[in-house]
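Chemist: Below are the sequence and a predicted model; questions follow.
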Amino acid sequence: MFKNLRDFLSYLENAGDLQKIEEELSPRHEIQAVMKYMDKGDGPAVLFPNVKGYQIPVVGNLLGRRRRLAMAFGVEEDQIVDEYYRRRQQVYQPKLVADGPVKEVIIKSDIDITKVIPALTHHAKDIGPYFSTAVTIAKDPETGVRGMGLHRVQIKDRNTLGLFLATPPLSVFLKKAEELNRPLDIAMVIGMDPLTFFSSVIWAPPGLDKFDIAGALAQKPIELVKCSTVDIEVPAQAEFVLEGRVLPNVRDTEGPFGESSGYYFTYQNPVVKIQAMMHRKDPIYHALCLFSQEDSILMDVGWAVDNLRPLREKFPNIKRIEFKEMGQLGVVQIDKKAESEPKEIIEHLLSSIFIKQVMVVDCDVNIDDQNELNWALISRLRSPQNLIIKPDMMGSAIDPSAVMEESTAKGKLSDINSHIAKVTKIGIDVTKPLNELEKYEKVDISAEVKANIAPIINKYCPNVKIF
Ligand SMILES: Cc1cc2nc3c(=O)[nH]c(=O)nc-3n(C[C@H](O)[C@H](O)[C@H](O)COP(=O)(O)O)c2cc1C
């Protein structure tokens, strides 16, 4: 298991999966642009040692391929979810230690984030630099229970940030603090070992400490240190920690920012004042390319790890599920035994906020091959009953087609949390009718011939899987 970000980078370098870009590049647009196009090819992680105007290197596309998430787990790609369940059986609560490398430099006065951290300005119309991997940690003002999440963070000036808190638990913590008219103390962590970073985006049940999950995945307790000005614990091995408070009942324009969904969004969002910063002597800044494979992988696998097993228990005929497009598009492969099954699965999955489209296919459709999915859609969609359209469903706030409706919950009109995103969802059942299986028999090559030619295909087309 990797203790920190830099150990993982060394491993990737040895594995030939880290590309160094020696040219000097600006954190304003240029680095993100290179990350984006590097993501289109074989997609290695990318390290930029020479960042214009800064001493600190930038690393990006860290988990931009499932193979690197698998490396972080130390397993094969198709074992990630099962390995996740296996490790979660054992609990390793985090351990508080007195000191750690993140405390090598502590700044408590004259903070100027803009001068120290090479935060990227990502897309053409973004308002300015954003932290895209900052994990914000806070405690429930009522219970003291710790919570965390990955949230976009706009850098407004030397010590002022805009924070997009659309999801619990942090959105709930802020609501509680605001009802008491108190600021919410926070710590933002940038640059962690890959599994702790991954744990921060897992769709965990409320109240579960994500450092417990990270410990389980690492198979040992995560070492935490106390912050220097707030009562919050952070990973001792982190690269940067910012300490501050969310101002109660203050909202300000945050954005435009090009989101994971591929569109720009501007909100009236909470404002953070930073009062202290801790970092390593030689920190590395970790950036994430939005609207890329990486944020899709984090969303897709982050959802799958805790939801797949209960789903399979409820629907045992499910063989595989793949999520695409930031977890919004689910493709389910089933060994259908009753005509009602696809519809039940579709209804179940569409009730999850972020899933917008579900397609159910049979086992003879290779769900890794988009051409086969298109073929199944074209040839097996039969009647209007196989198409389920569900308007006015709770959806994602970063979906441009969402209609923002004011919620009945208390809150300011300008507050994203007082609105609900309503979207139209779609379910498509393209499984074969059970009473007409012969008519829908797919042309195929016999199992015997497949076995005979397998060595030849492996030799000449090693990337092709025989399906
Ligand atoms: C790349 C990425 C960016 C995210 N950005 C935000 C954000 O800006 N605001 C937000 O409220 N949630 C954001 N999220 C979702 C939260 O991190 C989400 O709460 C978490 O993935 C699920 O954890 P939870 O079950 O504790 O809410 C983002 C998730 C990912 C993977």
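Modeler: In hand now; what should we look at?
Chemist: near the ligand, which residues of the stretch 151-300 of the chain show up?
Modeler: By Cβ under 6 Å from any ligand atom, the residues of the stretch 151-300 of the chain that approach the ligand are 151-152, 164-169, 201, 203-204, 260, 288, 295, 298-299. The way it works is simple: take the backbone N, C-alpha and C, and place the C-beta from them, glycine included.
Chemist: Just those residues: which are in helices?
Modeler: Asp295, Leu298, Met299 (DSSP state H).
Chemist: Which parts of the stretch 51-200 of the chain are helices?
Modeler: Using DSSP state H, counting those that start in this stretch, the helices of the stretch 51-200 of the chain run over 66-73, 80-88, 113-116, 170-179, 194-199.
Chemist: spatially speaking, which residue is in the middle of the chain?
Modeler: Leu298 (3.1 Å; Cα atoms, centre = their mean).
Chemist: distance of that residue from Gly327?
Modeler: From Leu298 across to Gly327, the span is 9 Å (Cβ to Cβ, to the nearest Å).
Chemist: Can you give me the neighbour number for Phe291?
Modeler: Neighbour count for Phe291, taken as other Cβ atoms under 10 Å: 18.
Chemist: got the contact list for it?
Modeler: Phe291 sits next to His123, Gly258, Glu259, Ser260, Ser261, Gly262 when contact means Cβ atoms under 8 Å, 6 or more residues apart in numbering.
Chemist: And the buried ones among these, selectable in PyMOL?
Modeler: Listed next is the PyMOL selection for buried residues among those, using 16 or more other Cβ atoms under 10 Å:
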select buried, resi 123+258+259+260+261
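Chemist: Pick the one among the contacts of Phe291 closest to Asn61.
Modeler: Ranked by distance to Asn61 (Cβ to Cβ), the contacts of Phe291 are led by Ser260 at 14.2 Å.
Chemist: residue contacts, the residue lying closest to that closest one once chain neighbours are set aside?
Modeler: Of all residues not flanking Ser260 in the chain, Asp295 sits nearest, at 4.3 Å (Cβ to Cβ, 6 or more residues apart in numbering). Asp295 sits next to Ser260, Leu288, Cys289, Met326 when contact means Cβ under 8 Å, 6+ apart.
Chemist: Report the contact partners of the first one.
Modeler: Read it as Ser260. Counted by Cβ under 8 Å, 6+ apart, Ser260 has contacts Leu290, Phe291, Asp295, Ser296, Met299, Met326, Ile398.
Chemist: Would you mind giving the secondary structure of the closest residue to the fifth one other than its chain neighbours?
Modeler: Spatial nearest neighbour of Met299, chain neighbours left out: Gly327 (3.9 Å); criterion: Cβ to Cβ, 6+ apart. Reducing the assignment at Gly327 to three states with DSSP: H, G, I helix; E, B strand; the rest coil gives coil.
Chemist: wait, Gly327 sits on Phe354?
Modeler: Yes: assessed by Cβ atoms under 8 Å, Gly327 is found in contact with Phe354 at 5.3 Å.
Chemist: anything in contact with each of the two?
Modeler: Counting by Cβ under 8 Å, 6+ apart, the shared contacts of Gly327 and Phe354 are Met299, Trp303.
Chemist: for Arg245, which residues make a bridge with it?
Modeler: Asp185, Lys273 (DSSP bridges).
Chemist: domain ranges for this protein?
Modeler: Split into domains by automatic domain parsing, the chain comes to 5-293, 315-440+451-460.
Chemist: now those domains as a markdown table including distance to Asn307 and mean pLDDT?
Modeler: Output for the domains of the chain, formatted as a markdown table (distance: least, Cβ to Cβ, whole Å; pLDDT from 0 to 100):
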| stretch | distance to Asn307 | mean pLDDT |
| --- | --- | --- |
| domain 5-293 | 7 | 96 |
| domain 315-440+451-460 | 8 | 90 |
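Chemist: which one of the ones you listed is the most hemmed in?
Modeler: By mean neighbour count, with neighbours taken as mean count of other Cβ atoms under 10 Å, domain 5-293 ranks first of these at a mean of 19.
Chemist: In contact with Val102, which residues are there?
Modeler: Contact analysis of Val102 by Cβ under 8 Å, 6+ apart lists Val225, Val234, Pro235, Ala236, Gln237, Ala238, Glu239, Phe240, Val241, Met278, His279, Arg280.
Chemist: In strands only, show me those residues.
Modeler: Among those, the subset assigned to strands under DSSP state E consists of Val225, Val234, Pro235, Phe240, Val241, Met278, His279.
Chemist: what about stretch 175-188, start to end distance?
Modeler: End-to-end distance for stretch 175-188, by Cα to Cα, to the nearest Å: 19 Å.
Chemist: Residues contacting it, please?
Modeler: For stretch 175-188, contacts defined as Cβ under 8 Å, 6+ apart pick out 131, 134-142, 153, 170, 173-174, 227, 230-232, 234, 241-249, 272, 411, 417.
Chemist: Which of the three states applies to the residue in the stretch 301-450 of the chain that the ligand sits nearest to?
Modeler: Among the residues of the stretch 301-450 of the chain, Gly302 lies closest to the ligand, at 5.5 Å counting by Cβ to the nearest ligand atom. Using three-state DSSP, the structure places Gly302 in helix.
Chemist: was I right about it contacting Trp203?
Modeler: Yes: using Cβ under 8 Å, Gly302 makes contact with Trp203 at a distance of 6.0 Å.
Chemist: before we move on, the earlier item: so, if you compare the contacts of Ser260, which one comes nearest to the ligand?
Modeler: The closest of those, once distances to the ligand are taken by Cβ to the nearest ligand atom, is Asp295, at 3.8 Å.
Chemist: wait, is Tyr267 part of a helix?
Modeler: No: under three-state DSSP, Tyr267 sits outside any helix and is assigned strand.
Chemist: Ser296: how many residues sit nearby?
Modeler: So Ser296, with other Cβ under 10 Å, has 19 neighbours.
Chemist: That one and Ala376, how far apart?
Modeler: Using Cβ to Cβ, we find Ser296 at a distance of 22 Å from Ala376.
Chemist: Next: Pro44.
Modeler: Distance from Pro44 to Ala376, counting by Cβ to Cβ: 33 Å.
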